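Trainee: okay, sequence plus prediction incoming.
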Amino acid sequence: MRPTVILRACPDYDVARIERLAYEGLETLGLTPSGRVLCKPNVVASGKHFPHAHTRPEFMEGVLRALKRKGQGIEELAMGERCGITVPTRYAYRGAGYYAMAKRVGGVRMYHFDEVPQVEIPLYHPERLRDALYTPEPVAKADFFVNCPKFKAHPWTTVTFSMKNYIGIQDDRHRLIDHDHRLNEKVADLQYIVQPQFIAIDAITAGEGRMLTPIPFDLGLVAMGNNQVAFDAVCCHIIGIDPLSVDHIRMAHERGFGPVDLKAIDIVGDLSLDEAKDKASGFRSGLIRVEDYFKGTNIHAYSGPPPGDGGHDYCWGGCPGALEEAIEILRVFDEATDAKMPPTHIVFGKYDGRIDAKPGETVVFIGDCAEFSGRIGERDVVIENRYVDRSRHDPLQAKGTDIYAKMLKVGIDLRRNQVAKDVIRLSGCPVSVSEHVLALVSLGKLKNPFFEASNAVLYTSAYLSWRTRQAIHKVTGQPYNRPGPMARGAARPRLSLPPPDHDAPLEVR
Ligand code: SF4
């Protein structure tokens, strides 16, 4: 079937209506779910502080019900995700109301991708960042993969539609590898793991500006499709963005995953593309440089280029965007965040300009690639680049750190990594959103969202469940969250697209 995108008006989160739209979408695309059916929502964050960050449970309920009704020979109907900001996926599921939703649907298995074996998927395309990626076993074993993203802007990749939703098909250890100035390439590489048979995006309430704390935008739309590149291209057109300007979409297109030209895509449904564009008029995407983002606040941001591989003049996929997301989280938890924050200077990359810090003001160099040599106030300061080339990062050696370990690490960095009085460096590549949150909390004496009383019980219970399962798996010898050999031979043939045209061998290794 030609790449097809279905645009349907959907003014609210009515489960019966969403079920009908999804069922009709499956029919239009000639799809019959069977075998192991796995849905991947976007639950990067949830709960009362992040109401617009995730695919809403009503949306998932409608899609799951439609899959169940339309399916033939379904062996397993499941949902899986690895949420963001270092919290257990159990916590994010609970905050999103997913457990109750799954119960209502009945017979839905819930996978937490931070609690299952991770398997190796070899890559062969010439442009790959590394020779293999790791993904949760249920993804590798899925027969019918359903991508259910949330329609949002993104500070790292301009937008997050279907392709970018794949960042959640890796656990934290692997997700943060290459989550830097080459993030778009990583997202394009993730496309080789699996291609969905069915895509359904929650664009009923879309998210503007950023991804964790987006500004709600009433778009009243459900879009569905059968090809990720075509799908994301149409979503870009809806908000007036050239899909080829979004690097991961362009790369996937160039590698043969699908078309971006509207002439090669069938757009059907009860909304025309022009009507969808009218609905999205004024939608603001992400991608604001950190210097501009913090203008008018007590945070003065400076950025120089990241390491030279990839030829970027700014690290769009790493630390600067993480700082933007972090400040927005803190603003949600404490309206007085900006007023409390003392004048602070934050520097990224190889920076050789002036840093206008007055006596007593703190300067923080963030990330391993930070580099500076010059005067700050009355002092000469030298910050050496500690960046380690990606070729020296072995995914098999990557370690996961939970939020308590991150608290310890940030605390140590802030205390011990004093380069000079009031000059600190924070290590890591990337320095994650949660580490930025913890650093700002400490520098500004702000409320720590991870200790918020209303979250504490839920968080601790999810954390303990996660850790208990880990301990049980260790004691019983079951593979827990470790790369396993099963995917060698299992995952590669599951690509639903023909492999892109290149010379490398396609056999499973
Ligand atoms: S340290 Fe941060 S800014 Fe530097 S390359 Fe890594 S992610 Fe980008």
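Mentor: Structure received. Numbers count the residues shown, from 1 in each chain.
Trainee: buried ones in the helix or strand where Val187 lies?
Mentor: Here Val187 sits within helix 183-190, counting by DSSP states H and E. By neighbour count on 16 or more other Cβ atoms under 10 Å, the buried set for helix 183-190 is Leu183, Asn184, Glu185, Lys186, Val187, Ala188, Asp189, Leu190. From N, CA and C alone the C-beta is placed, and that goes for glycine too.
Trainee: doesn't Gly317 make contact with the second one?
Mentor: Yes: with contact taken as Cβ atoms under 8 Å, Asn184 and Gly317 are classed as touching, separated by 6.7 Å.
Trainee: which residues do the two both contact?
Mentor: Common neighbours of Asn184 and Gly317, using Cβ atoms under 8 Å, 6 or more residues apart in numbering, are Thr157.
Trainee: which residues in the stretch 51-200 of the chain form strands?
Mentor: Remark: strands assigned in the stretch 51-200 of the chain by DSSP state E, counting those that start in this stretch are 74-81, 108-112, 118-122, 132-136, 144-148, 150-154, 158-160, 198-208.
Trainee: helix/strand/coil for Val347?
Mentor: Here Val347 is recorded as strand under DSSP: H, G, I helix; E, B strand; the rest coil.
Trainee: how much space separates it from Ser427?
Mentor: For Val347, the distance to Ser427 equals 14 Å [Cβ to Cβ, to the nearest Å].
Trainee: who's more crowded, those two?
Mentor: Per other Cβ atoms under 10 Å, whichever of Val347 and Ser427 has more neighbours is Val347, with 26 against 17.
Trainee: give the contact list for the more buried one.
Mentor: Counting by Cβ under 8 Å, 6+ apart, Val347 touches Ala301, Tyr302, Ser303, Gly304, Ile355, Val363, Val364, Phe365, Ile366, Ala370, Phe372, Ile383.
Trainee: one more time with 10 Å, if that's ok
Mentor: Contact partners of Val347, counting by Cβ atoms under 10 Å, 6 or more residues apart in numbering, are 290, 300-304, 353, 355, 363-367, 370-372, 376, 383, 423, 425.
Trainee: now do Leu21
Mentor: Going by Cβ under 10 Å, 6+ apart, the list of residues near Leu21 reads 6, 8-10, 14, 59, 62-63, 66, 200, 222-224, 269-270.
Trainee: name the member of those residues with the most neighbours.
Mentor: Ala200 (32 neighbours).
Trainee: so it is in contact with Leu7, correct?
Mentor: No: at 11.8 Å, Ala200 and Leu7 do not qualify as touching, with contact defined as Cβ atoms under 10 Å.
Trainee: coming back round to it: possible to save the strands of the stretch 51-200 of the chain as JSON lines with mean pLDDT and distance to Leu323?
Mentor: JSON lines is the format used below for the strands of the stretch 51-200 of the chain (pLDDT from 0 to 100; distance: least, Cβ to Cβ, whole Å):
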{"stretch": "strand 74-81", "mean pLDDT": "97", "distance to Leu323": "25"}
{"stretch": "strand 108-112", "mean pLDDT": "96", "distance to Leu323": "28"}
{"stretch": "strand 118-122", "mean pLDDT": "91", "distance to Leu323": "29"}
{"stretch": "strand 132-136", "mean pLDDT": "93", "distance to Leu323": "27"}
{"stretch": "strand 144-148", "mean pLDDT": "98", "distance to Leu323": "29"}
{"stretch": "strand 150-154", "mean pLDDT": "94", "distance to Leu323": "15"}
{"stretch": "strand 158-160", "mean pLDDT": "92", "distance to Leu323": "18"}
{"stretch": "strand 198-208", "mean pLDDT": "97", "distance to Leu323": "19"}
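Trainee: and the ones you listed: which comes nearest the ligand?
Mentor: Taking Cβ to the nearest ligand atom as the measure, the strands of the stretch 51-200 of the chain were each checked against the ligand, and strand 150-154 came out nearest at 15.5 Å.
Trainee: report all helices and strands that that closest one contacts.
Mentor: With contacts taken as 3 or more Cβ pairs under 10 Å, 6 or more residues apart in numbering; DSSP states H and E, strand 150-154 sits against strand 158-160, strand 198-208, strand 215-225.
Trainee: near the ligand, which residues of the chain show up?
Mentor: For the chain, the residues found near the ligand under the criterion Cβ under 6 Å from any ligand atom are 180-181, 306-307, 315, 318-319, 348-349, 367-369, 429-430.
Trainee: mind giving me the PyMOL select for the contacts of Val347, buried ones only?
Mentor: To isolate the buried subset of these in PyMOL, counting by 16+ other Cβ under 10 Å, use the following:
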select buried, resi 290+300+301+302+303+304+355+363+364+365+366+367+370+371+372+376+383+423+425
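Trainee: so what does the strand ranked longest in the chain touch, helix or strand wise?
Mentor: What stands out as the longest strand in the chain, according to DSSP state E, is strand 362-376. Contacts defined by 3+ Cβ pairs under 10 Å, 6+ apart place strand 362-376 against strand 299-303, helix 319-333, strand 344-350, strand 379-383, helix 403-416, strand 418-420, strand 423-426, helix 433-444.
Trainee: worst average pLDDT in those?
Mentor: Set side by side, those differ in mean pLDDT, and strand 418-420 is lowest with a mean of 73.
Trainee: that one pairs with which strands, parallel or anti?
Mentor: strand 423-426 (antiparallel) (DSSP bridges).
Trainee: quick one: residues in contact with the strand it pairs with.
Mentor: Contact with strand 423-426 is made by 319, 344-347, 355, 357, 362-368, 370, 372, 376-377, 379, 381, 383-384, 386, 409-410, 413-419, 435-436, 438-439, 442-443, as judged by Cβ under 10 Å, 6+ apart.
Trainee: in ChimeraX, how would I select the buried members of those?
Mentor: A single ChimeraX command selects the buried members of those (16+ other Cβ under 10 Å):
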select :319,344,345,346,347,355,357,362,363,364,365,366,367,368,370,372,376,377,381,383,409,410,413,414,419,435,436,438,439,442,443
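Trainee: how long is stretch 28-41 from one end to the other?
Mentor: Terminal residues of stretch 28-41 are spaced 22 Å apart (Cα to Cα, to the nearest Å).
Trainee: quick one: end-to-end distance for stretch 96-114.
Mentor: Taking Cα to Cα, the first and last residues of stretch 96-114 lie 17 Å apart.
Trainee: okay, buried residues for it please.
Mentor: Neighbour counts using 16+ other Cβ under 10 Å place Ala96, Gly97, Tyr98, Met101, Ala102, Val105, Val108, Met110, Tyr111, His112, Phe113, Asp114 of stretch 96-114 among the buried residues.
Trainee: again with stretch 21-37
Mentor: Burial within stretch 21-37, assessed by neighbour count using 16+ other Cβ under 10 Å, is assigned to Leu21, Ala22, Tyr23, Glu24, Gly25, Leu26, Thr28, Leu29, Leu31, Pro33, Arg36, Val37.
Trainee: also stretch 454-471?
Mentor: Result for stretch 454-471 [16+ other Cβ under 10 Å]: buried residues Asn455, Tyr459, Ala462, Tyr463, Ser465, Trp466, Arg469.
Trainee: now go through the residues you listed and say which are in helices.
Mentor: Asn455, Tyr459, Ala462, Tyr463, Ser465, Trp466, Arg469 (DSSP state H).
Trainee: wait, doesn't Val187 sit right on Arg250?
Mentor: No: counting by Cβ under 10 Å, Val187 sits too far from Arg250 to count as a contact (11.2 Å).
Trainee: ok so, going back, overlap in contacts of Val347 and Ser427?
Mentor: Residues within reach of Val347 and of Ser427 at once, by Cβ under 10 Å, 6+ apart, are Phe365, Ile366, Gly367, Ala370.
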